[in-house]
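In: Turn this into a structure:
(one chain, ligands or ions: 1)
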Amino acid sequence: MARLIIVSNRLPVSLHAKPDGTYALKQSIGGLATAIGPYHKSHNDCLWVGWSSIDPETRTKVEIDKIRDEFARRRCVPIFLTQREIDGYYAGYSNDTLWPLFHDFAHEAKFDSSTWKIYQEVNQKFADTVAQLVNPDDTVWIQDYHLLLLPAMLRANFPKLKIGWFLHIPFPSPEIFRQLPNGKDLLEGLMGADLLGFHTEDFCVNFLASVRALIGIEVDKDGRIPVGNGASQRFVTVDAFPIGIDYGLYRRNAHSSLAQAMRHGIEAVSGKRTRRVSTSLTAESQAAAEASDQEENWWSAHTGDELPEVELAQSAAAKRGTEDNKVVVSVDRLDYTKGLPERLRAFDLMLSRYPEWVGHVTYYLLATPTREDVETYRKLKDQVDQLVGEINGKYSLLSWEPIHYITRSLPIKPVCGIYTAGDVALVTPLRDGMNLVAKEYLAARDGRDGALVLSDECGAARELTDAFIVNPYDTEAVCEALHSALEISSSEAKRRNAAMQARLKYRTAGLWSAEFLSTLRQVSDPRMADRRLQSAQRDHLVREWGQSKHKLVLCDYDGTLTQIVRTPGRAKPTHRLLDLLREVGSIPDVDLYLVSGRTRETMNEWFGCLPIGLIAEHGAWHTKPIAGETAKNADGRTITPKRYWRRADGLPDPDEWRPIIETIMNKSVSRVPQSFIEYKSTDLAWHYRMSDQKLALEQRERLVDELNKVCPQYGLTVMRNAKVIEVCPANVSKGEAVKPLLGSGRYDFVLALGDDTTDETMFTAVSGCAPAKDQDDVLGAFEADNAGAAKVGVAQSSATVGTTMSESDAAKPAKKPAEPEVAWTIKVGAGETNAHSRIATPTDTARLLGYLVAESEAVAAGTALDDKPQTKPRNKNKKASKAKTPTKMKASTKVKAAAKAKSASKATSK
Ligand code: ADQ
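Out: The predicted structure follows:
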């Protein structure tokens, strides 16, 4: 059985020796372990290869064997690195060269040929370990910048292996990347993979530009880079997969008693829960006032521009009560990419520019030092310590200090407590691949207010567009954004968060890994790699969906929403699928139609209870629920919409043709064991899925020849579908069936999904449909039909009467359509198609529908709470406090606004 082998620098678990000589395994926290960990845990066929963090030179052989066994129990395969290897590969080339360079800190990057040599050796060590356990049909998923050479090393020995690689950090611009002396080797290392994933489109673009510049290869329209020539040519697909978080985990942990205790503690410290701060502020203010009256007092000597303590203390004390006190939070590893000194300077500026916050805002700063043995990191820690000290020294009052600085690493529950305490999260990395902290903050505040100030230099800013987006280097802009975030009204904060939360709830870490792996399967199959629905196209589709007023979804069933099975009756929908269809059908501005070749009895039995339209027997029958009319089911509880089935007009009389076609088909039934005839009201189908395929295919050709001679005279046509030969009225097709809907002028967004040749007529009809131009009240033909008027299927069929609509006829290779604006057609699975895009399996269909449901929820959540964006000025006398939300303001505008605000603040305080 094909397995998944994950390869990353470190394993998701670490081993700790206990005093009794046994070992305890501890689950690692962090983005990667939480994103792929659940998949690894729940799939017995999944192995994880990585560095054990154990120095083999300090252990005996017996101990090493024992350690291997311990890891093996968790399906982990440890790699042991010597101190020399750790210094060269990990601390050296990975962290001193690649990490700074990939984060645009080229000036911090060290180029050392000895660490490069060890990096190559260790990548080879990983390759050798994987080679010992991999089977040719396995899938290998490599993680991150430590293993850039591994894909090509594996490919050299396993030409058919499915290899994926994902980069968790940014990919730099080609101007920066080409500074790397071994840049070309690294890119060639990656060319061994089938799929290369990045967090954002921007990083994909940077990567492709580097490939073009350094190895001279262009990407094709499907996002694929051709590698090699002739028979040995392969393709490397590049796409964006923004990582998510385990949303439910953070939401749940935010309600844990430990998180609540943490939150209460922070609120007490910040004066939100007790009055001691306000008491202290009053005392402080009195002291300041008295001091300012007395000449020769040290304090009064400083009341000029430099340090207006009197003003600070007085304005702080003037604020009565503590209910408006605020908490700002941040959670980081102490890394120079996280922008801590810049952030602290912005906080400092905010207190000086808006002194009304002195005594009323507390910054809870969790910053855990890493790599303290490296000088850059030691210096950074010193700088942060010093800045925190300066700010606290400058603004602290008797029992309030502006920054609470914690350098310990905390587990998830207290971290969630910090998130829930934070009225504002200040997440301003100078460069970051994604940044999970921003997403975790929103998950921990599920359904609540809280404002996010977010750097535009991290991947998360591409998704969390309702945050206060800032340039992290622009101190003025961060200061203004922080001030606005503190001022924002609770309802406005909730409105912004609700939309982002609805999307995050769906786009989880689990979805991220499932999507990467299913794309890897698709791109590794040459029959399905063309026209792949790329992530940018999917995002475009989802955006259009969210922005449109009336949406129509036309979806085939067998092979599109469910796997094709040997016995058609076994393709019964699962509860999960029914729930999904119910969700889509229940969205107020969405009409969902299942368009199937199944009989209307089956469609009614399986889907009649859903609030969706049904088209059966390729269009011979259709129905939609009658608005407002429902009936109770036999169980007396569930409610089913009332519906009437309508038959298409002008169909050939079955009494005339059925006996003749049945006789012909029966010959095939008797010649091919286990084949059978399916009887539908308007057609007959010969199924041979369960039969000997060689025999069935020979007979199929004879049958089709014979049917083609007879069918035209009865107005019938012959269709070759998936292991079925079907005879049906020539003037019936899925395309004809959906035309009245498309022509209704009602819809400004149409999506059609299907897997076989019968769906191609639907794709053609949809591709040809004109966009609706705000014709909200034009009643579609189907609605009129329900009122007993127009009928579907009466128009002249596009299929030629009496001829077989073969796969090749129906699906002539079409020029790739332009990017759709309102009409999307998506083929599910392999085969030629007229559809615009392709996804691989019914699971992908369900995932896509899930995106649409989440987007509708996001739009609804955003508008339901809509109460006009507003901020709540803290001090009505100060114009500066009325600063608008600075989201996406131009830097120059921000600087001007800040300067204006500053002078206004000064003017009012004089
Ligand atoms: P990281 O650089 O580790 O990850 P990030 O995405 O912020 O950065 O994830 C950090 C994780 O560690 C979060 O789950 C956070 O809660 C936790 N954490 C951070 N500081 C902590 C502290 N002081 N104490 C306790 N927990 C702390 C890399 C890339 C990112 C990318 C992820 C996932 O650098 O850009 O988002 O991988 O792909």
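
In: in the stretch 201-350 of the chain, which spans are strands?
Out: Along the stretch 201-350 of the chain, counting by DSSP state E, counting those that start in this stretch, strands occupy 224-227, 234-240, 326-334.

In: In TSV: these, plus mean neighbour count, distance to the ligand and mean pLDDT.
Out: In this view, the C-beta of every residue, glycine as well, is placed from N, C-alpha and C. As requested, the strands of the stretch 201-350 of the chain are exported to TSV (neighbours: other CB atoms under 10 Å; distance: least, CB to the nearest ligand atom, whole Å; pLDDT from 0 to 100):
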stretch	mean neighbour count	distance to the ligand	mean pLDDT
strand 224-227	18	23	94
strand 234-240	21	13	96
strand 326-334	23	5	95
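
In: got TSV for those, with distance to residue 425 too?
Out: Below are the strands of the stretch 201-350 of the chain laid out as TSV (distance: least, CB to CB, whole Å):
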stretch	distance to residue 425
strand 224-227	38
strand 234-240	24
strand 326-334	6
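
In: tell me, how many neighbours does residue 670 end up with?
Out: Counted with other CB atoms under 10 Å, the neighbours of residue 670 add up to 9.

In: Next: residue 823.
Out: Neighbourhood size, residue 823 [other CB under 10 Å]: 22.

In: That one bridge partners, please.
Out: Residue 823 has these beta-bridge partners by DSSP bridges: residue 750.

In: dump the residue contacts of it.
Out: Contact analysis of residue 823 by CB atoms under 8 Å, 6 or more residues apart in numbering lists 750-752, 766-767, 769, 771.

In: what's the answer for residue 329, then?
Out: Contacts of residue 329 (CB under 8 Å, 6+ apart): 266, 363-366, 418-419, 421-422, 424-426, 441.

In: The same query, at a cut-off of 10 Å, please.
Out: Residues near residue 329 by CB atoms under 10 Å, 6 or more residues apart in numbering: 266, 362-366, 404, 415, 417-427, 437, 441, 450.

In: which of these come close to the ligand?
Out: When CB under 6 Å from any ligand atom is applied, the members of the contacts of residue 329 adjacent to the ligand are 366, 415, 437.

In: Inside helices: which ones of those?
Out: 415, 437 (DSSP state H).

In: which of the ones next to the ligand among the contacts of residue 329 tops the neighbour count?
Out: Result: residue 437 is most packed of these (other CB under 10 Å), 26 neighbours.

In: thought that one was touching residue 367?
Out: No - assessed by CB atoms under 10 Å, residue 437 is found out of contact with residue 367, at 11.5 Å.

In: Now for these two: what residues contact both?
Out: Taking CB under 10 Å, 6+ apart as the criterion, residue 437 and residue 367 both touch 330-333, 338.

In: could the residues you listed go into a markdown table alongside distance to residue 47?
Out: Below are the shared contacts of residue 437 and residue 367 laid out as a markdown table (distance: CB to CB, whole Å):
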| residue | distance to residue 47 |
| --- | --- |
| 330 | 37 |
| 331 | 32 |
| 332 | 32 |
| 333 | 28 |
| 338 | 33 |
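
In: What ranges does the stretch 601-750 of the chain have for its strands?
Out: Going by DSSP E, counting those that start in this stretch, the stretch 601-750 of the chain shows strands at 613-616, 621-623, 630-632, 639-641, 646-647, 676-679, 684-687, 716-721, 724-729, 749-754.

In: what's the average pLDDT for the third one?
Out: For strand 630-632, the per-residue pLDDT values average out at 67.

In: And stretch 267-286, by the same measure?
Out: Mean per-residue pLDDT for stretch 267-286: 61.

In: Can you report how many residues lie near residue 687?
Out: Neighbours of residue 687 under the rule other CB under 10 Å: 22.

In: Check whether it really touches residue 680, as I assumed.
Out: No - using CB under 10 Å, residue 687 makes no contact with residue 680, being 11.9 Å away.

In: and the stretch 251-400 of the chain, which of its residues are near the ligand?
Out: Selection of the stretch 251-400 of the chain residues close to the ligand by CB under 6 Å from any ligand atom yields 331-333, 366, 368.

In: could you point out the longest helix in the chain?
Out: The helix that spans the most residues within the chain, counting by DSSP H, is helix 842-864.

In: Cross the contacts of residue 329 against helices and list the overlap.
Out: Of those, the ones assigned to helices by DSSP H are 266, 415, 417-421, 437, 441.

In: now the stretch 801-910 of the chain, which segments are flagged as low pLDDT?
Out: For the stretch 801-910 of the chain, applying pLDDT under 70 flags the ranges 801-821, 864-910.

In: ok, which residues in it are in contact with the ligand?
Out: Nowhere does the stretch 801-910 of the chain come near the ligand, counting by CB under 6 Å from any ligand atom.
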